[in-house]
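S.K.: okay, predicted coordinates and the sequence, questions at the end:
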Amino acid sequence: MSGRDATQLPGGADGAVPRQVSVRRYKDAAWHDVDDVLSREVPVRVTWDAAPGEAGIAAGSARLWAWPHGLADLALGHVLLDRVHPAVTGQEPGAWGIRHAGAVAEAGTGDELAFQVALRAVAPARAPQPPMPMPAAVLLDAMRAFMGEEGLWDGTGCFHRAGVYDPVGGRLLRRAEDIGRHNCIDRLAGWAAREGVELAPRLLLVSARVTASLFAKARRAGFSFIVSRSAVTTASVDMAEAQGVTLVGFARDREERFTVFADAGGRVLE
């Protein structure tokens, strides 16, 4: 259940390797011919059936742009969070969380990357449990584990990452990376639905800023404790306060600091 997003690309993972390029770089008042790498970004077609038990959710399709690796989880998570679940904010916390599972099949022909998602409704085994409180030092340790491992950012400077942290076991359960920050949440949601992992008792760790849209997606996935290495916005703070969500920003383990913007539940301890 642990580990990085490692589902293989159809036909092998060669297409996910960064592209080597020769470029001209201006630095220190001089031009230089250097070798560099570009992160691959490709179109991915996702189609889905009508969601069972959800009024008004018809079959459809969408085109995503993504890093071409681990795409089955991305496809499933996108359908769950952006197509099945409501896109509005301000609902009661108990209404959030993944309520479907699904099977993902490759549907592309030739070089096309395409996936078909077939959903099925699942009854929650119990009411969602909120994350347990965490001491400040433990929260920084979680960010250290999240940001410390080498990833796709290294060497490219192009990737976001998001992770699921278990405060009970004190370990990072999953880390996903993609060029788009929303894609990272989709990947985590797809993994959780596939593995039957409850996200409500866990923390969401992100490298990106928490805007209204990212906050809403995290809530649709079931998270109520969100920690970002970057900034938050007025809209995300207002939503967090209204919904009883713990929202932490500027969590920098190397600087031994973070800022608590909302924590009505008292989940961040001294």
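M.R.: Now that the structure is in, tell me what you want to look at.
S.K.: what about stretch 72-83, how long is it end to end?
M.R.: 16 Å (CA to CA, to the nearest Å).
S.K.: switch to numbering from 701
M.R.: Sure thing, new numbering starts at 701, so read that last one as stretch 772-783.
S.K.: quick one: average confidence on that stretch?
M.R.: On average, the pLDDT along stretch 772-783 is 93.
S.K.: give me the low-pLDDT residue ranges for the stretch 701-850 of the chain?
M.R.: Scanning the stretch 701-850 of the chain for pLDDT under 70 picks out 701-715, 752-756, 785-796, 799, 823-825.
S.K.: go with 80
M.R.: 701-716, 751-757, 784-802, 808-811, 820-828 (pLDDT under 80).
S.K.: ok, which stretches of it are helices?
M.R.: Using DSSP state H, counting those that start in this stretch, the helices of the stretch 701-850 of the chain run over residues 771-778, 836-848.
S.K.: bridging residues for L764?
M.R.: Beta-bridge pairing for L764 (DSSP bridges): V744.
S.K.: and it, what is it in contact with?
M.R.: The neighbourhood of L764, defined by CB atoms under 8 Å, 6 or more residues apart in numbering, consists of 743-746, 774-775, 778, 883. For glycine as for every other residue, the C-beta is placed from the backbone atoms N, C-alpha and C.
S.K.: what's the neighbour count on F923?
M.R.: By other CB atoms under 10 Å, 28 other residues sit near F923.
S.K.: picking up where we left off before, tell me which of the helices of the stretch 701-850 of the chain is the most buried.
M.R.: Highest mean neighbour count of the helices of the stretch 701-850 of the chain: helix 771-778, a mean of 28 (counted as mean count of other CB atoms under 10 Å).
S.K.: now do it: distance to the chain's middle.
M.R.: How far helix 771-778 lies from its chain's middle: 11 Å, per CA atoms, centre = their mean, to the nearest Å.
S.K.: next: stretch 798-815.
M.R.: In terms of CA atoms, centre = their mean, the centre of stretch 798-815 is set 18 Å apart from its chain centre.
S.K.: got the end-to-end distance for that stretch?
M.R.: 20 Å.
S.K.: buried sites along it?
M.R.: By neighbour count with 16 or more other CB atoms under 10 Å, stretch 798-815 contains the buried residues 798-802, 804, 807, 813-815.
S.K.: most widely separated two among those residues?
M.R.: R799 and L813 (27.3 Å; CB to CB).
S.K.: beta partners of the closest residue to V734 other than its chain neighbours?
M.R.: Excluding its sequence neighbours, the residue lying closest to V734 (CB to CB, 6 or more residues apart in numbering) is R725, at 5.1 Å. Per DSSP bridges, the residues bridged to R725 are H732.
S.K.: how about the residue nearest to the spatial centre of the chain: what's its closest non-neighbour residue?
M.R.: Residue closest to the average C-alpha location in the chain (CA atoms, centre = their mean): I885, at 1.9 Å. Using CB to CB, 6+ apart and skipping the chain neighbours, the partner closest in space to I885 is K917 (5.0 Å).
S.K.: and of the buried residues of stretch 798-815, the nearest to E895?
M.R.: Proximity of the buried residues of stretch 798-815 to E895, judged by CB to CB, is greatest for A801, which lies at 9.8 Å.
S.K.: circling back: mind putting the helices of the stretch 701-850 of the chain into a markdown table with distance to R719?
M.R.: Formatted as a markdown table, these follow (distance: least, CB to CB, whole Å):
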| stretch | distance to R719 |
| --- | --- |
| helix 771-778 | 18 |
| helix 836-848 | 26 |
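S.K.: so for E895, which of the ones you listed sits nearest?
M.R.: Of all those, helix 771-778 sits nearest to E895, with 9.6 Å by CB to CB.
S.K.: contact partners of that closest one?
M.R.: By CB under 8 Å, 6+ apart, helix 771-778 touches 705, 707, 709, 744, 746, 762, 764, 766, 802, 804, 813, 815, 817, 876, 878, 883, 885-891, 893-894.
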